[in-house]
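**Student:** Need a 3D model of the following:
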Amino acid sequence: MSTFETSHATIQPGYSTRINSPEFQLAMKSSNKTFAITSLLTALLLAPLLMLAVSFFSKEPIQNLIIPGLFVELVILIFVAVSAVKRAAGKTWDGEVIEQFIDHELTKDSDRNDEVYVTVIRKESGKKFKHKEHTLHPVFDYLETGDEVRYHPKLNFPFEKYDKSADSYLVCPFCCTKQDISADSCANCKKPLLK
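**Tutor:** Numbers count the residues shown, from 1 in each chain. As a prediction, this is how the structure comes out:
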């Protein structure tokens, strides 16, 4: 018996209206602020750490790595900025899971095949959206073919099922941990769940 098979709360099919509540909006602001700060710090620290590692292992003088390091820093900052803009400007859409499969991709550094967990969703517009996951695959595990879903681009776990009535768990939209279906807020991050 799984950890989440102990209690089934009565949940009617339908998308949650909690996303518009002041409590949820406050949690989203807090989460987006944390995302922005973490991304910026990662961007600012990654290039200097890479420079130190390259200098240490290759015995290359650090001053020779400043220009390449600044270039890497700029690329990372552009990537972070584009990701933040896409996240902020993203639009919510509805769709249906039409296919799930495990693909294999050859890694660039070796002859080893990596498993890729693919979930294909057809949007209401008819366009297909492919969500790929590698080592961890919470979306692949949570969704099933035939599920109607709503995509919330501003959330860390952006997929909400229309019908959660047969589920034993929800995925926290903020910290992406599995939470019992009967819970109203996440036991891990204390933020509200979409139910």
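
**Student:** how far does whichever strand in the chain runs longest sit from the chain's center?
**Tutor:** Longest strand of the chain, by residue count under DSSP state E: strand 93-106. Centre-to-centre, strand 93-106 and its host chain are 15 Å apart (C-alpha atoms, centre = their mean, to the nearest Å).

**Student:** Counting by contacts, list what that strand packs against.
**Tutor:** strand 113-123, strand 148-151 (3 or more C-beta pairs under 8 Å, 6 or more residues apart in numbering; DSSP states H and E). All C-beta atoms are positioned from the backbone trio N, CA, C, and that covers glycine.

**Student:** Provide the strand pairings for that strand, with the direction of each partner.
**Tutor:** Under the criterion DSSP bridges, strand 93-106 sits next to strand 113-123 (antiparallel), strand 148-151 (antiparallel) in its sheet.

**Student:** Would you mind putting these into CSV with mean neighbour count and distance to residue 136 alongside?
**Tutor:** Listed next are these as CSV, based on neighbours: other C-beta atoms under 10 Å; distance: least, C-beta to C-beta, whole Å:
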stretch, mean neighbour count, distance to residue 136
strand 113-123, 16, 9
strand 148-151, 18, 19
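
**Student:** Would you map out the domains in this protein?
**Tutor:** Structural domains assigned to the chain are 29-89, 92-180, following automatic domain parsing.

**Student:** Of these, which is nearest residue 186?
**Tutor:** With distances scored as C-beta to C-beta, the stretch of those nearest to residue 186 is domain 92-180 (4.1 Å).

**Student:** Quick one: mean pLDDT over the closest one.
**Tutor:** Taken as a whole, domain 92-180 has a mean pLDDT of 92.

**Student:** Could I have the CA atoms of the longest strand of the chain written out in CSV?
**Tutor:** Only the C-alpha atoms of strand 93-106 are listed here, as CSV (Å, rounded to 0.1, in the frame of the first residue of the first chain):
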residue,chain,number,x,y,z
TRP,A,93,-3.8,26.9,-21.4
ASP,A,94,-5.9,23.7,-21.3
GLY,A,95,-5.2,20.5,-23.0
GLU,A,96,-5.4,16.7,-23.0
VAL,A,97,-2.7,14.1,-22.4
ILE,A,98,-2.6,12.1,-25.7
GLU,A,99,0.5,10.1,-25.3
GLN,A,100,3.3,9.1,-22.8
PHE,A,101,6.4,7.1,-23.7
ILE,A,102,10.0,6.5,-22.7
ASP,A,103,12.5,7.5,-25.3
HIS,A,104,16.2,7.0,-25.4
GLU,A,105,18.8,9.7,-26.2
LEU,A,106,22.5,9.2,-26.7
